[in-house]
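*Asks:* Model the following, please.
(4 chains)
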There are 4 protein chains.
Amino acid sequence: MKSFSFALLSFLILSSFVLRQKKNRVVFFGDSITQAGVQPTGYIIKLGELLKQKGAENNYELMGAGIGGNKVYDLYLRMDDDVLSKNPDMVIIWVGVNDVWHKRTYGTGTDPDKFEKFYAAIIKKLQQKNIKVAICTPAAIGEKTDFSNELDGDINKYSSIIRNLAQKNNCTLIDLRQSFLQYNLANNKENKESGILTTDRVHLNEKGNQLVAEEMMKALLIK
Amino acid sequence: MKSFSFALLSFLILSSFVLRQKKNRVVFFGDSITQAGVQPTGYIIKLGELLKQKGAENNYELMGAGIGGNKVYDLYLRMDDDVLSKNPDMVIIWVGVNDVWHKRTYGTGTDPDKFEKFYAAIIKKLQQKNIKVAICTPAAIGEKTDFSNELDGDINKYSSIIRNLAQKNNCTLIDLRQSFLQYNLANNKENKESGILTTDRVHLNEKGNQLVAEEMMKALLIK
Amino acid sequence: MKSFSFALLSFLILSSFVLRQKKNRVVFFGDSITQAGVQPTGYIIKLGELLKQKGAENNYELMGAGIGGNKVYDLYLRMDDDVLSKNPDMVIIWVGVNDVWHKRTYGTGTDPDKFEKFYAAIIKKLQQKNIKVAICTPAAIGEKTDFSNELDGDINKYSSIIRNLAQKNNCTLIDLRQSFLQYNLANNKENKESGILTTDRVHLNEKGNQLVAEEMMKALLIK
Amino acid sequence: MKSFSFALLSFLILSSFVLRQKKNRVVFFGDSITQAGVQPTGYIIKLGELLKQKGAENNYELMGAGIGGNKVYDLYLRMDDDVLSKNPDMVIIWVGVNDVWHKRTYGTGTDPDKFEKFYAAIIKKLQQKNIKVAICTPAAIGEKTDFSNELDGDINKYSSIIRNLAQKNNCTLIDLRQSFLQYNLANNKENKESGILTTDRVHLNEKGNQLVAEEMMKALLIK
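*Replies:* Just a heads-up that it's a prediction; the model follows:
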């Protein structure tokens, strides 16, 4: 009887330990949008709240790794220090806005073929360590719904590259570009360039953070 | 009585002859696309053929005034020499591709507000001389139908400016942007970036010249 | 006879007074640097102080006409409203920084040949109204003295165009580019990119305003 | 006698073997300028001829690894395949023109800080394998001697970065920027933009190839 109790106790302790060990560590790897994601109303915080609502908050540990102005090769250059060092189970990459935008503002955007090469190199390095990878399309630079945001064409082009990368590399795709377009077509009848999901055409307002959190939630729950 | 009748008849014949001689002089004012319009298979030549088919070739005199690389303020700077000096009855302006494209290739595109100001100044100067003005939207920089041509957004933006200018200034609008998009959506199922209506994403192949000629024909016949 | 003499004398005195009142109206026509020129420590105010020191303050009336972001064709577009309407005796034009800079920041800089054409058109229109014209070279985008300011080459190129325009059109040249380079070579031994004559590589600090005022003073006094 | 012959023979065989082993394999790693370096009058071929004149042609094996349009991160991405796979003793890196130029032509130049990071990563990876590294400054984009080549400032900026990298990483510096400037100041009195050392402002004419070969020769002979 005593030995049975002891065995039971041991089992309970061990299993609780094992359960505690099972937290999925998810690193969000990106630019200024992700950097803001850990702010009080940011999408990473909101995603934490969604997990709590599902009673799944103990299963996930969410860590931000966003730095303003980052392009795909900035992620590549700092992935050892900022991502691999954290031993994540999953990495959600969201990059691309600056790769397009900096063509205009600094003359230092990223060629489409190099964008693909560096992105593929990041994915490969993560997958080699058995880290699950989800990748996002860039949501928007401008929210106008008549397709006249200056950089729409290029954003669509880089989104296509990312969709192909997801398929080729068997990554989960979080197609924020499409989610944002659909939401705006439904909710931006006045053809405003910002204020629907973004504050300034690019960075998320609270509604935008909520939408992103919901899209990421779906990706987290994919087995 | 007889001699009077004869004199009257003579007068009527002569005056109808004079009227028949009074051709509408139309100047096509634009960039390299218009410069190529006077080539054997160019859109201006094709428009002449369409007029012939309608038996209207004696009513119109078509003159090219296109120079490669021109932006709206190039047209402004040379309009006295190249257009007004020809005493046209009508001017068809087709400009905008370089205003967008040169942002990328030379860093010397045209700000949208200056584009509008110089365009409005050209229209005003022509209308003050009772010259009829028709204006065209820029057709394409890339023919992909999934909205991923790099400069699609900006082309759409400048097309909107032109549509507004037409309305505000009571000009005939030749919406080549829309014609090209519709044609490509129907005929470019493989999402090619050129070869449908253009040879190189911008300049017209024979099919493109034909389509432009047909659209211009409609504008000519508007009373 | 006496009363006649008195009347004549009165007339002579009055008319000489009126002549003394006939101030030279000078309009400063430019971009944000000139817009700031009418601020308390701005170069136009400092120039007024220099004139006072010479006892010449009653001979000149100084009027600012600077608008931030202006390029040469912005000046062209607004010269009727903002300059000619003021009936100036002299216009000092200072433009060029944005024509170069906007290539990088917006993709909408000005082609060198168009820069020259619009500049020449402004000068011509002023000179046709017998307005004296002085023109300035763009001072600086960056004050480094090892010739590694990113846009140095292009600034030098546009400065050459302006020097040629001055010569061809018989305008007074105020070579701020050269004055700034000389001052920096002597006073910026640490190769700083700003803080010597500018606050931010482009806009003038108090020392810069002083230097510009002194250079303009020389131009004012040229007969 | 017999044993003497044998000893002599052994010595000759051994020494020839040793001599054959002593060839230094040098890989030239760069862009289109280096790609053209293996053409009949290219700088790599001319360097081979210089080595022959010195009787040193058996000490060096010269291999081109230039690809048109390459920027520093292109070199980074292909260094395993195109350089390390060849087991070089020395690598001469010449890159930078496109990192600056593509800002203007495609909007995809390289940020100065990323230029330095990728360049340092290449050097580190080579030095870790005990490969000797020599690095070159970008020679020219335009040969005008009045400092009005559009991109002069930026070329000078990236040249400074490279000079610092050479010092920090103990690499041989081949300062082509300085050699070209000096040569042009002495030989381009008419301020031509090309035709002195280049055919087209960037790519080398025969004189340019000769000058580069001579500068590289000095670097090869540094112990």
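*Asks:* need the contact list for residue A:75.
*Replies:* Going by C-beta atoms under 8 Å, 6 or more residues apart in numbering or on different chains, residue A:75 touches A:29-30, A:93, A:95, A:118, A:122. For the C-beta atoms, the positions are set from N, CA and C on the backbone; glycine is no exception.
*Asks:* list the buried ones in the helix or strand hosting it?
*Replies:* In this assignment (DSSP states H and E), residue A:75 forms part of helix A:72-82. Buried residues in helix A:72-82, counted by 16 or more other C-beta atoms under 10 Å in any protein chain shown: A:72-77, A:79, A:82.
*Asks:* following that helix, which helix or strand comes up?
*Replies:* Next along from helix A:72-82, by DSSP H and E: strand A:90-94.
*Asks:* Packing partners of that next one?
*Replies:* Using 3 or more C-beta pairs under 8 Å, 6 or more residues apart in numbering or on different chains; DSSP states H and E, the elements in contact with strand A:90-94 are strand A:24-30, helix A:112-128, strand A:132-136, helix A:206-221.
*Asks:* Now render the ones you listed as TSV, adding mean neighbour count and mean pLDDT.
*Replies:* Shown next, in TSV, are the helices and strands packed on strand A:90-94 (neighbours: other C-beta atoms under 10 Å in any protein chain shown; pLDDT from 0 to 100):
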stretch	mean neighbour count	mean pLDDT
strand A:24-30	23	97
helix A:112-128	18	98
strand A:132-136	23	98
helix A:206-221	19	96
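*Asks:* out of the ones you listed, nearest to chain D?
*Replies:* Among the helices and strands packed on strand A:90-94, helix A:112-128 comes nearest to chain D, with 5.7 Å by C-beta to the nearest C-beta.
*Asks:* so does that closest one get close to chain B?
*Replies:* No - Helix A:112-128 does not reach chain B (C-beta under 8 Å from any C-beta of the partner chain); its nearest approach is 9.0 Å.
*Asks:* Skipping adjacent residues, who's closest to residue A:149 in space?
*Replies:* residue A:142 (3.0 Å; C-beta to C-beta, 6 or more residues apart in numbering or on different chains).
*Asks:* is it fair to say that neighbour lies in a helix?
*Replies:* No - using DSSP: H, G, I helix; E, B strand; the rest coil, the assignment for residue A:142 is coil, not a helix.
*Asks:* burial of it, as a residue count?
*Replies:* If you count neighbours by other C-beta atoms under 10 Å in any protein chain shown, residue A:142 ends up with 21.
*Asks:* And it, what's its pLDDT?
*Replies:* pLDDT, residue A:142: 97.
*Asks:* I figured it hits residue A:196, correct?
*Replies:* No - here residue A:142 lies out of contact with residue A:196, judged by C-beta atoms under 8 Å, at a distance of 10.6 Å.
*Asks:* picking that back up, may I see the helices and strands packed on strand A:90-94 organised as CSV, with distance to residue A:161 added?
*Replies:* Compiled in CSV, those are given as follows (distance: least, C-beta to C-beta, whole Å):
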stretch, distance to residue A:161
strand A:24-30, 16
helix A:112-128, 5
strand A:132-136, 10
helix A:206-221, 19
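*Asks:* who in chain A is up against chain C?
*Replies:* Going by C-beta under 8 Å from any C-beta, the residues of chain A near chain C are A:104-107.
*Asks:* and the residues you listed, which are buried?
*Replies:* A:104, A:106-107.
*Asks:* could you dump the residues you listed to TSV with secondary structure?
*Replies:* Converted to TSV, those look like this (three-state DSSP):
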residue	secondary structure
A:104	helix
A:106	coil
A:107	coil
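*Asks:* closest to chain B among the buried residues of helix A:72-82?
*Replies:* Of the buried residues of helix A:72-82, the one sitting nearest to chain B (C-beta to the nearest C-beta) turns out to be residue A:72, at 17.3 Å.
*Asks:* give me every residue that touches the closest one.
*Replies:* By C-beta under 8 Å, 6+ apart, the neighbours of residue A:72 are A:95-96, A:99, A:110, A:114-115, A:118-119, A:122.
*Asks:* want to try JSON lines for those residues, with distance to residue C:167 as columns?
*Replies:* As requested, these are exported to JSON lines (distance: C-beta to C-beta, whole Å):
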{"residue": "A:95", "distance to residue C:167": "52"}
{"residue": "A:96", "distance to residue C:167": "50"}
{"residue": "A:99", "distance to residue C:167": "46"}
{"residue": "A:110", "distance to residue C:167": "45"}
{"residue": "A:114", "distance to residue C:167": "47"}
{"residue": "A:115", "distance to residue C:167": "49"}
{"residue": "A:118", "distance to residue C:167": "51"}
{"residue": "A:119", "distance to residue C:167": "54"}
{"residue": "A:122", "distance to residue C:167": "57"}
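*Asks:* how about stretch A:55-73: buried residues?
*Replies:* Applying 16+ other C-beta under 10 Å to stretch A:55-73 flags A:60, A:62-67, A:70-73 as buried.
*Asks:* So which of those residues are in helices?
*Replies:* Under the assignment DSSP state H, these contribute A:72-73 to helices.
*Asks:* Count the residues that sit near the closest residue to residue A:200 other than its chain neighbours.
*Replies:* Spatial nearest neighbour of residue A:200, excluding adjacent residues (C-beta to C-beta, 6+ apart): residue A:194 at 5.7 Å. When counting by other C-beta under 10 Å, one arrives at 17 neighbours for residue A:194.
*Asks:* Isn't residue A:135 up against residue A:168?
*Replies:* No - counting by C-beta under 8 Å, residue A:135 stays clear of residue A:168, with 11.1 Å between them.
*Asks:* export the host helix or strand of residue A:47 as CSV, just CAs?
*Replies:* Per DSSP H and E: residue A:47 is located in helix A:43-53. Presented in CSV, the C-alpha positions along helix A:43-53 are these (Å, rounded to 0.1, in the frame of the first residue of the first chain):
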residue,chain,number,x,y,z
TYR,A,43,-0.2,41.1,-31.5
ILE,A,44,2.0,38.8,-29.5
ILE,A,45,0.3,39.9,-26.2
LYS,A,46,-3.1,39.5,-27.9
LEU,A,47,-2.1,36.0,-29.0
GLY,A,48,-1.2,35.2,-25.4
GLU,A,49,-4.7,36.3,-24.4
LEU,A,50,-6.3,34.2,-27.1
LEU,A,51,-4.4,31.2,-25.8
LYS,A,52,-5.6,32.0,-22.3
GLN,A,53,-9.2,32.0,-23.5
